[in-house]
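Asks: for reference, the sequence and a predicted model appear below.
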Amino acid sequence: MRSESSSLRKRRYGALLARALSSPVALLGAVSAACGSPSPAASEGGGSGAPVEVETAESQPSDERAPDVVAEQELVGLRRAARAAGKLIGAAVEAPALRDDATYGEVLAREFDYVTPEDAAKWGALSPAAGAYAWDDLDSIVDFAERQSQKIKGHTLIWHQQLPAWVNEAMTAEQLRAALESHIELTLTRYRGRVRAWDVVNEAVDVSTESGYTDSIFWRKLGPSYIEDAFRRARAVDPDVLLFYNEVGIERMGPKSDFTYTLMRELLERGVPIDGIGLQSHVSTHRYPAESDLRANIRRFAELGLRVNISEADVRTLLMPGDQASRWQAQRVAFQQIVGACVVEPGCEGVTLWGFSDAYTWINDDGSADDPLIFDRTYAPKPAYDGVLVGLSGVLPELGENLVANGDFALDEESWSAPGAVLAVADAIDRNGRAACVSERTGGEGDALAQTGLVDRLSMGGPFSFSAWVRLRGAPSDTVNATLLLQEAAPQPRALSLATVGATDAGWVQLAGYFGLGFEGAVTAITLELHGPAAGVELCVADVRVQALTAP
Ligand code: XIL
């Protein structure tokens, strides 16, 4: 059984290799074939050279059985840069766009070496009726990717969204279990040897629930063991494919990432076959993980023995004020930071973008159109394209000097005020350096810890990184905000929210975000304020920073 499938794979990659080597235009020929016009290079047996035997790994899942068959010098753009970096650069792909838009296929083939079906492999898409399977869309994506010598990640076997209507609460636990097992078996068997990796379980964690698990039909009927059962079943069906857990909102360190980390560690300790983890990374220009945060998170998952993927990256811009040029520059920085962090962390094997043209992004589906991807709607590369390209060379954005005066409170209260409360600077408790504490707060405007005089320092408009550490006294938890007040032509200043965090009296938490200014006319004053907890609660603040972000 095993040696038979292994020799099948040898034949397939041998043919691919021969085809790719036989003609320098094989890639382009195959694109046009996918888009409707016949191509001799893409047709079966189109290659002229003798098939080359490629050894396959027998011991455990690895990439050796799917070698890179196209030479680096034949590649261009992101694909070439990713190969040079030894990382994968992927994109989510929509079957209708691939079918109907020739340029979509051309750009996909040119720029990416890893393909994820955006919707075509979801359970609801594959099995609209009980017992019936519609493979056409997924087949078309897998066929295309193979013609382009792209690797493929299946997404996703088990997710509580986009389920078939026939998977519902009326099912008994036994029926649901049987349906899941059969779905895993049919899908993995069909693409065995062709798909490099599968997202086996997607988004099973939700720390807003009591249990920490997503309140899904699977969790309700089967309990959390459905997760490990799915991985074990998948491994039994295909011993060679890489099995991934995929999750939203775990890019940064924090309660959800911590919960997922512990879950992965416990499952791995029990021998559950999980090969990798995907950090989705749906972010925006004002909110994405700091470099150190993302890298530390990648590292801890990698230290569990997991391959780490950035699996669904996109960067919304419309929550940031300013014109398109400044929003797109901020987006470039964000992409460069995410991709660059992956490139410099050995445990990260690649970045998949959740689409590549703003003409086709799921963000547009819910009515809130945005421009979160790296090509515009006409396939012109945006600054974000350069962010990915430069990030692939391992160059990360740079943070400039701290633009906040006396941000570390080394000069005591200098440059700071809290006119309606009592401001005192002292050695910080439980951390190095000094901290400013605002007490006897009455709930009025003068409660905030404020610094004015930032006009000259922030006049270049951004993008900027903001960070401060905050702690409470007098309440176990409350919200703390950072706001910029911009005094422009209007009589009242315009408030721009920089960051919000749930602070506690148990330790310091970081209040952090990214921002751009987007001035509305001449600005005469800019004030930074840290504020929020209820009257009477003391707010302590340390290490306040605003730094310009540049993308070399
Ligand atoms: C999205 C697709 O992009 C949309 O086309 C679809 O309508 C909804 O799902 N997390 C995931 C992805 O794991 O499967 C989701 O994809 C985006 C969020």
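Replies: The structure has been received and is ready for your questions. Residues are numbered from 1 along each chain as shown.
Asks: give me every residue in the chain lying close to the ligand.
Replies: Proximity of the chain to the ligand, by Cβ under 6 Å from any ligand atom, involves residues 118, 119, 202, 248, 280, 312, 362, 365. For glycine as for every other residue, the C-beta is placed from the backbone atoms N, C-alpha and C.
Asks: what about 8 Å?
Replies: Residues of the chain lying near the ligand by Cβ under 8 Å from any ligand atom: 92, 94, 118-119, 122, 155-156, 159, 161-162, 199, 202-203, 246, 248, 280, 282, 311-312, 354-355, 361-362, 365.
Asks: which residue does the stretch 151-300 of the chain have closest to the ligand?
Replies: residue 202 (5.0 Å; Cβ to the nearest ligand atom).
Asks: beta-bridge partners for that residue, please?
Replies: Here residue 202 sits in beta bridges with residue 246, going by DSSP bridges.
Asks: tell me how many other residues crowd it.
Replies: For residue 202, the neighbour count with other Cβ atoms under 10 Å is 24.
Asks: would you mark the buried spots in stretch 177-196?
Replies: For stretch 177-196, a neighbour-count test (16 or more other Cβ atoms under 10 Å) marks 177, 179-181, 183-184, 187-188, 191-196 as buried.
Asks: and for stretch 419-429?
Replies: Across stretch 419-429, burial judged by 16+ other Cβ under 10 Å covers 421, 423, 425, 428.
Asks: going by distance to residue 410, which of those wins?
Replies: Nearest to residue 410 out of those is residue 425 (Cβ to Cβ; 9.1 Å).
Asks: A strand includes the closest one, no?
Replies: Yes: per DSSP: H, G, I helix; E, B strand; the rest coil, residue 425 lies within a strand segment.
Asks: against the ligand, how distant is it?
Replies: Computed as Cβ to the nearest ligand atom, to the nearest Å, the residue 425 to the ligand distance reads 45 Å.
Asks: now do that residue against residue 538, distance only.
Replies: Using Cβ to Cβ, to the nearest Å, residue 425 is found at 13 Å from residue 538.
Asks: shared neighbours of those two, anything?
Replies: residue 437 (Cβ atoms under 8 Å, 6 or more residues apart in numbering).
Asks: how about the closest residue to residue 198 other than its chain neighbours, what does it touch?
Replies: Excluding its sequence neighbours, the residue lying closest to residue 198 (Cβ to Cβ, 6 or more residues apart in numbering) is residue 154, at 4.1 Å. Applying Cβ under 8 Å, 6+ apart to residue 154 gives the contacts 116, 117, 121, 187, 191, 195, 197, 198, 199.
Asks: need phi/psi at the last one.
Replies: Right, residue 199. Main-chain torsions, residue 199, degrees, to the nearest 10: phi -80, psi 110.
Asks: ok, now which ones touch residue 491?
Replies: With contact set as Cβ under 8 Å, 6+ apart, residue 491 has no partners.
Asks: same thing with residue 416?
Replies: For residue 416, the contact set (Cβ under 8 Å, 6+ apart) comprises 406, 409, 423, 436, 449, 450, 451.
Asks: partner residues bridging the third one?
Replies: For residue 423, the beta-bridge partners are residue 438 (DSSP bridges).
Asks: separation between it and residue 479?
Replies: 20 Å.
Asks: same check on the fifth one?
Replies: As defined by Cβ to Cβ, residue 449 lies at a distance of 15 Å from residue 479.
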